[in-house]
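**Q** mind folding the following:
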Amino acid sequence: MLDDGPASWLETEGVAGVPLVLLHGLGGDALTWQYNVTAFAAGERKVLALDLPGHGASTLQVGEARVADLADWVDALLDRLGLGRVDLVGHSLGARVALDLAHRPGRVRRASLLACAGLGSDLDYDFLDRLAMAADIAQARAVAGALFARPDNLVEPLARALALRMADAGARRAVQAILTANRHDLGAPLIRRDWAPPGVALQLVWGAEDRIVPPPPPGLIPGNIPLHLLDATGHMPHVEAASRVNELVRSFHS
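**A** Below is the predicted model:
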């Protein structure tokens, strides 16, 4: 069980509709949604971008660090904030946490899963190990470059943020603990099991050129769950194809 250490998040002032909660991927934080929050909040909707445990300004204590533990932490935080049923947008590890929450009765109405860890083909664990050790700018640039299909000017700001975060030994230990705790589970794709939660609407969004969590074959996704493959896009669709992702999320979560 995770401790009751600090929890950090960014939120908009909106009050309309079902709150939309954003869950970032491994090694990220709430700021990875900087290209999306304003679009998601259009129409006065409340949007909360959380720092998961071990990330950002939230607690660096991650307990057993399993996906279920991270989901428990998010669940408890939403309760403390007085939020009942919510919509979720999760990326990579955050998408897997969102999927766990979607199986909890009454918690989730709709969820958009971006490059969901464990739903695609085998993960690139060499990349993930390098991400967990990216404590200087050269390592961070190499990691950041692999996240995009067309890196261009996207790499440098992400690399600097990652290097700054991972220079802290406590942050590195937390990310490594999460990676170690979930290595076996995330390596066993959920598409081999009954993973779709009853009563919760899901959509999948994937970069067609994602090399970190390659997209699943469309035939293995249940027919009632849309899979949007974005051309010329890698593992960070909400950054590299922000306008398209913003459109898909706003339409699905209306």
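
**Q** buried stuff in the longest helix seen in the chain?
**A** Counting by DSSP state H, the longest helix found in the chain is helix 169-186. Buried residues in helix 169-186, counted by 16 or more other Cβ atoms under 10 Å: Ala171, Arg172, Ala174, Val175, Gln176, Ala177, Ile178, Leu179, Ala181, Asn182, Leu186. In short, each C-beta sits where N, CA and C put it, glycine included.

**Q** shouldn't the second one be in contact with Ala132?
**A** Yes: contact between Arg172 and Ala132 holds when scored by Cβ atoms under 8 Å: they sit 6.6 Å apart.

**Q** what is in contact with the two at once?
**A** Contact criterion Cβ atoms under 8 Å, 6 or more residues apart in numbering; residues shared by Arg172 and Ala132: Met166.

**Q** about what we covered before: closest to Leu78 out of the buried residues of helix 169-186?
**A** Ile178 (20.0 Å; Cβ to Cβ).

**Q** in contact with the closest one: list those residues for me.
**A** Contacts of Ile178 (Cβ under 8 Å, 6+ apart): Leu26, Gly54, Val62, Ala65, Leu70, Leu93.

**Q** tell me, what's the model's pLDDT at the nearest residue to it once chain neighbours are set aside?
**A** Computed as Cβ to Cβ, 6 or more residues apart in numbering, the closest residue to Ile178 that is not its neighbour in sequence is Ala65, at 4.6 Å. Per-residue confidence (pLDDT) for Ala65: 94.

**Q** could you check how far Ala65 is from Ala30?
**A** 19 Å (Cβ to Cβ, to the nearest Å).

**Q** so between these two, which is more surrounded?
**A** Legend: neighbour count by other Cβ atoms under 10 Å for Ala65 and Ala30, higher for Ala30 (23 against 20).

**Q** which SSE is the nearest residue to that one once chain neighbours are set aside in?
**A** Nearest residue to Ala30, sequence neighbours excluded (Cβ to Cβ, 6+ apart): Ala49, at 3.8 Å. Using DSSP states H and E, Ala49 sits in strand 45-51.

**Q** by contact count, what packs against that strand?
**A** strand 8-11, strand 16-23, helix 37-40 (3 or more Cβ pairs under 8 Å, 6 or more residues apart in numbering; DSSP states H and E).
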